[in-house]
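*Asks:* Need the 3D shape of this:
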Amino acid sequence: MSYDTLTTTLAGGLVKGHPQFGATGGKPVTRRSLRALDWSNFFLSDVRDGIGPYLGIYLLSAYNWDAGSIGVAMAAMGIAMVVAQTPAGALIDATTNKRLVMAGAALVVAVSCVLMTVFSSLAAIVLFQVLIGVAAAILAPGIAGLTLGLVGYRKYSKRQGRNEVFNHAGNLAAAAFAGLAGQLIALKWLFYAVALFGVGSIISVLAIRKKDVDNELARGARSEIIEGEEEEPAHISGFSVLISSKSLLMFALSVVLFHFANAAMLPLAGQYMTEASKSNGSIYMSACIIAAQLVMIPVAKFTGDRADGWGRRPIFLVAFAALIVRGLLYTVSPNPYWIVGVQLLDGIGAGIFGVLWVIVAADLTRGTGRYNLVLGAIATAVSLGSALSNFTAGYVVNWTSYPGGFLFLSAWALVAFLVFYFGVPETRPVPSKT
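*Replies:* From the prediction side, this is the model:
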């Protein structure tokens with residue numbers, strides 16, 4: 001069975017219809033590369049998060065680690081990612097073999113996860129978590145750059161929606177596989193599941209044909225070639241592009257505020273539910289995650305399909321509004337069924353956000369050659385905002401109550417809405433009249 005036949009069979013029914021479009025007018029991208037991009041997104045969905053929250057469960061259950069040591073191990077990956085994200089974006093901009101760099105990063109994650117089941121000292125676990133954090137920082141700008149280099153700006157919105165469909169489907173599959181394997185076989189299979197997805201990532205990324213990727217376009221150094229027109233020369237801006245564009249700075253601020261308002265909502269909701277039903281807290285938390293992911297899939301597809309026709313701003317504002325309403329509705333009741341129902345709004349907000357933030361960043365950096373650097377810099381700021389969200393919201397709950405914490409987060413979501421509304425213009429390119 002050929003690669004194309006295999007991937008077409010595996011993908012059947014998830015997203016129907018996929019034209020062969022390319023970044024250049026005269027050189028269509030092969031279907032093999034586009035299918036490989038699908039499955040890169042599917043497998044990387046799990047690899048980019050490493051072992052995640054399951055690490056604490058494993059260390060406590062298998063080795064009886066204390067909470068402080070577990071906290072250090074958990075924080076190591078996040079700190080490493082924050083430090084590495086901006087340099088990782090610059091690396092993806094600079095390299096002409098993004099596939100190989102990404103495959104290497106996926107290999108580091110896979111090997112590190114396996115080695116954590118062999119070495120259990122604090123120093124070893126922290127080292128592997130740092131390696132995973134640095135490697136994961138490469139993968140997000142890497143997949144965005146590969147996508148832009150394959151399909152170009154004209155098809156980027158729709159393609160990014162498709163990317164997110166496969167990403168969320170991968171998250172669902174990984175959660176189901178890891179949970180079942182960890183429960184039915186052994187806890188170590190939580191790590192092996194990530195490693196297996198890492199192998200899938202390596203195969204998928206390397207299946208993308210190198211010659212199908214326009215490296216100058218992938219970094220936003222020029223627009224795609226239009227058939228019959230002269231090729232636009234590549235342009236690489238200085239690093240000052242990060243601070244010289246008011247629209248880019250306001251967009252980055254709105255994104256950081258969005259995550260500051262969003263990051264603590266689900267953890268607080270989980271704690272709020274657990275107070276009402278202590279025996280089933282983990283089950284209800286899983287239901288919240290799965291419910292949101294199921295909504296994200298159609299929302300991501302819809303967003304990618306409509307971003308060019310409707311524009312970026314109106315759809316993005318829906319994501320901010322959904323976050324405001326979600327926080328307000330959480331205050332109504334700690335009833336688990338109510339909380340799970342409200343969590344569906346996270347599927348709308350996060351589903352839109354996951355597609356549009358990389359598209360708007362591409363619009364604002366078009367012609368600078370610093371697209372992936374900007375993605376890395378914004379991701380760094382977002383990580384800091386998310387960390388501050390959990391830290392701050394926890395104290396607000398201590399001083400007030402869980403409803404007080406949700407109102408605090410909703411207020412910041414409103415600030416994010418206003419910053420985006422007044423500070424970020426419509427970035428969709430004006431359609432050509434010809």
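
*Asks:* per-domain residue ranges of the protein.
*Replies:* 26-218, 241-423 (automatic domain parsing).

*Asks:* TSV for those domains, including distance to Pro429 and mean pLDDT?
*Replies:* Using the backbone N, CA and C atoms, a C-beta is placed for each residue, glycine as well. Putting these into TSV (distance: least, CB to CB, whole Å; pLDDT from 0 to 100) gives the following:
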stretch	distance to Pro429	mean pLDDT
domain 26-218	7	87
domain 241-423	7	87
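
*Asks:* Take those domains and lay them out in a markdown table including mean neighbour count.
*Replies:* Below are these laid out as a markdown table (neighbours: other CB atoms under 10 Å):
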| stretch | mean neighbour count |
| --- | --- |
| domain 26-218 | 21 |
| domain 241-423 | 20 |
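
*Asks:* Now do the contacts for the residue nearest to the spatial centre of the chain.
*Replies:* Nearest to the geometric centre of the chain sits Gly354, at 6.1 Å (CA atoms, centre = their mean). Going by CB atoms under 8 Å, 6 or more residues apart in numbering, Gly354 touches 164, 167, 296, 300.

*Asks:* wait, what's in contact with the residue nearest to Gln343 when sequence neighbours are not counted?
*Replies:* Excluding the flanking residues, the one nearest Gln343 by CB to CB, 6 or more residues apart in numbering is Cys288, at 4.3 Å. Residues counted as contacts of Cys288 (CB under 8 Å, 6+ apart) are 266, 269-270, 339-340, 343, 346.

*Asks:* Narrow these to those in helices?
*Replies:* 266, 269-270, 339-340, 346 (DSSP state H).

*Asks:* hmm, which two among those are most spread apart?
*Replies:* Gly270 and Asp346 (12.3 Å; CB to CB).

*Asks:* Tell me the spacing between the residue nearest to the centre of the chain and Gly161.
*Replies:* 9 Å (CB to CB, to the nearest Å).

*Asks:* Between those two, which contacts overlap?
*Replies:* What both Gly354 and Gly161 touch, as defined by CB under 8 Å, 6+ apart, is the set Ala300.

*Asks:* how much space between Ala193 and Val111?
*Replies:* For Ala193, the distance to Val111 - CB to CB - is 14 Å.

*Asks:* That should have said Asp308, apologies.
*Replies:* 40 Å.

*Asks:* likewise Val82?
*Replies:* From Val82 to Val111 the distance is 22 Å (CB to CB).

*Asks:* secondary structure element for the closest residue in space to Arg219 that isn't next to it in sequence?
*Replies:* Sequence neighbours aside, Asp93 is the residue nearest to Arg219 in space, at 4.3 Å (criterion: CB to CB, 6+ apart). Under the criterion DSSP states H and E, the helix or strand holding Asp93 is helix 67-94.

*Asks:* Need the contact partners of the next helix or strand after that helix.
*Replies:* As assigned by DSSP H and E, the chain's next helix or strand after helix 67-94 is helix 98-115. Around helix 98-115, the neighbours that count as contacts under CB under 8 Å, 6+ apart are 40, 44, 47, 50-51, 91-92, 95, 124, 128-129, 131-132, 134-136, 138-139, 142-143, 145-146, 149, 191-192, 194-199, 201-202, 205-206, 208, 210, 213, 215, 218.

*Asks:* Kindly export helix 98-115 (C-alpha atoms) in CSV.
*Replies:* What follows is helix 98-115 as a C-alpha-only set of coordinates in CSV (Å, rounded to 0.1, in the frame of the first residue of the first chain):
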residue,chain,number,x,y,z
LYS,A,98,12.9,22.4,8.8
ARG,A,99,11.8,18.8,8.4
LEU,A,100,15.1,17.5,9.8
VAL,A,101,15.2,19.9,12.7
MET,A,102,11.6,19.0,13.6
ALA,A,103,12.3,15.3,13.3
GLY,A,104,15.3,15.7,15.6
ALA,A,105,13.2,17.6,18.2
ALA,A,106,10.5,14.8,18.1
LEU,A,107,13.2,12.2,18.6
VAL,A,108,14.5,14.1,21.7
VAL,A,109,11.0,14.1,23.2
ALA,A,110,10.5,10.4,22.4
VAL,A,111,13.8,9.2,23.8
SER,A,112,13.6,11.5,26.9
CYS,A,113,10.1,10.1,27.7
VAL,A,114,11.4,6.5,27.5
LEU,A,115,14.5,7.3,29.6
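
*Asks:* Most widely separated two among the contacts of Gly354?
*Replies:* Asn167 and Met296, at 8.6 Å, using CB to CB across the contacts of Gly354.

*Asks:* Which two of the contacts of Cys288 have the greatest separation?
*Replies:* Gly270 and Asp346 (12.3 Å).

*Asks:* Helices along the stretch 251-400 of the chain, start to end?
*Replies:* Secondary structure of the stretch 251-400 of the chain (DSSP state H, counting those that start in this stretch): helices located at 265-276, 281-310, 312-330, 336-342, 344-364, 371-399.

*Asks:* Show me what the last one packs onto, helices and strands only.
*Replies:* This points to helix 371-399. With contacts taken as 3 or more CB pairs under 8 Å, 6 or more residues apart in numbering; DSSP states H and E, helix 371-399 sits against helix 67-94, helix 122-151, helix 241-244, helix 246-262, helix 265-276, helix 344-364, helix 402-423.

*Asks:* need these in JSON lines with distance to Tyr330, can you?
*Replies:* Putting the helices and strands packed on helix 371-399 into JSON lines (distance: least, CB to CB, whole Å) gives the following:
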{"stretch": "helix 67-94", "distance to Tyr330": "25"}
{"stretch": "helix 122-151", "distance to Tyr330": "28"}
{"stretch": "helix 241-244", "distance to Tyr330": "35"}
{"stretch": "helix 246-262", "distance to Tyr330": "12"}
{"stretch": "helix 265-276", "distance to Tyr330": "6"}
{"stretch": "helix 344-364", "distance to Tyr330": "10"}
{"stretch": "helix 402-423", "distance to Tyr330": "4"}
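
*Asks:* Quick check: chain neighbours aside, which residue is closest to Val151?
*Replies:* Here the residue nearest Val151, using CB to CB, 6+ apart, is Arg159, at 4.7 Å.

*Asks:* for whichever strand or helix holds that neighbour, packing partners?
*Replies:* Taking DSSP H and E as the criterion, Arg159 maps to helix 156-184. For helix 156-184, the elements it packs on are helix 31-47, helix 122-151, helix 189-207, helix 281-310, helix 344-364, judged by 3+ CB pairs under 8 Å, 6+ apart.

*Asks:* and for the third one, what are the contacting residues?
*Replies:* Here helix 189-207 makes contact (CB under 8 Å, 6+ apart) with 3, 32-33, 35-37, 39-40, 42-47, 50-51, 54, 57-58, 99-100, 102-103, 106-107, 109-111, 113-114, 116-117, 146, 170, 174, 177-178, 181-182.
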